[in-house]
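Novice: sharing a sequence plus its predicted fold:
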Amino acid sequence: MSQPLLEQGDTMGDISENHSASLLEKVANFRTIVWEAYQRKPISHWILLFLSSMAMLVAFPASTLLSRVYYANGGTSKWIISWVAVAGWPLTALILIPTYFICKTFPTPMNLNLFLSYVLLGFLSAADNLMYAYAYAYLPASTAALVASSSLVFSTLFGYFIVKNKLNAGVINAVVIITAAVTLIALDSDSDRYSNVSDRQYILGFVWDILGSALHGLIFALSELVFIKLLGRRSFHVVLEQQVMVSFMAFVFTTIGVIVNKDFQGMASEAKTFKGGEAAYELVLIWGAITFQLGVLGSTAVLFLASTVLAGVLNAVRVPLTSIAAVILLHDPMSGLKILSIVITFWGFGSYIYGNSTENKLS
């Protein structure tokens, strides 16, 4: 027997009122949850979380744009840009030291396995920064940022195989979607290649960007493994300790590379021929170092203060922000396929966030 569309005595107006009441109820419940979450933490927590989020959304795009500004205005060294990415490591150390007094704790004891893990992660980070330097040299900043978003794909895969993280439909869907977005960028190579960049250089930049993203994903998975196997805890000062040690080791390896390549000697002549003069050259490098470290600090703080889901949301917002800023400030070419790729990438991050939040609820 078929079910009547309207029960006896019901009208379309009654159903509409019920839907409105249900929607208002959901909004009220959401406001209650948000307010209760806000009250559970002190105001200092929310101020720090806001500042950390802004650091991710502003500092990371700024460091990407500054790397591109360096190459667009006469810079040529790949080692210098990779060195700048880790030269600001003392900033993190300056924030780490007071936490020992505030939290009334002591530095994590160093043993051989932990030290060797920092050396390995530092070496991989130095290699990763060098790969990205090649990408910034040959690709528009907007394209480089979009391709670099594929690191989410690699961190998911490496996390599954190395750390045994779980995969669900949302995460797998994100992997497929972001891979499709990167493929679209590859198909659109003719529309956004700079006139002074050859086809071979563009392909090299694209390949180095993909390899850098893959290595970034591996570093992320190995860092998580270090926490699980060697550190056993994830307090704020322990996270900062790992960041300081890995950045310092990467700084050592990169400095050796710069010295061997004799790029320190070339900085003086490079500064003289730089568009805008020596002062502009120095400002680009100094602010490049500062913004990169602020971005790293921001992401570290967001992961600790909130969750990987919020970090994923901010990363999702950061990719189109970088691309739009590159178009406005650096006049990057923007084609229809690149816009489509931005939308698809955003969709991919959204699917990843949904998959993680669902997994968290189930666990």
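Specialist: Yes, it's here.

Novice: chain center to the helix or strand residue 347 falls within, what's the gap?
Specialist: Using DSSP states H and E, the secondary-structure element containing residue 347 is helix 336-362. Its chain's C-alpha centre lies 14 Å from the corresponding centre of helix 336-362 when counted by C-alpha atoms, centre = their mean, to the nearest Å.

Novice: can you give me the strands for the stretch 51-200 of the chain?
Specialist: Remark: no strands are assigned in the stretch 51-200 of the chain by DSSP state E, counting those that start in this stretch.

Novice: output the below-cut-off pLDDT ranges for it.
Specialist: Of all residues in the stretch 51-200 of the chain, those with pLDDT under 70 make up the ranges 189-191.

Novice: need the contact list for the residue most central in space within the chain.
Specialist: Taking C-alpha atoms, centre = their mean as the criterion, residue 315 is the residue nearest the geometric centre of the chain, at 5.5 Å. Going by C-beta atoms under 8 Å, 6 or more residues apart in numbering, residue 315 touches 56, 149, 152, 349. (C-beta placed from N, C-alpha, C; glycine too.)

Novice: run the chain-centre distance for stretch 126-141.
Specialist: Between the centre of stretch 126-141 and the centre of its chain there are 15 Å (C-alpha atoms, centre = their mean).

Novice: quick check: buried residues in that stretch?
Specialist: Of the residues in stretch 126-141, 126-141 count as buried by neighbour count, 16 or more other C-beta atoms under 10 Å.

Novice: report the two of those separated the most.
Specialist: In those, the most distant members under the criterion C-beta to C-beta are 126 and 140, with 24.8 Å between them.

Novice: not including adjacent chain positions, what is the nearest residue to residue 261?
Specialist: residue 79 (5.2 Å; C-beta to C-beta, 6 or more residues apart in numbering).

Novice: looking at the contacts of residue 315, which one is closest to residue 48?
Specialist: In terms of C-beta to C-beta, no member of these lies closer to residue 48 than residue 56, at 12.9 Å.

Novice: from residue 290, how far off is residue 181?
Specialist: The gap separating residue 181 from residue 290 is 30 Å, by C-beta to C-beta, to the nearest Å.
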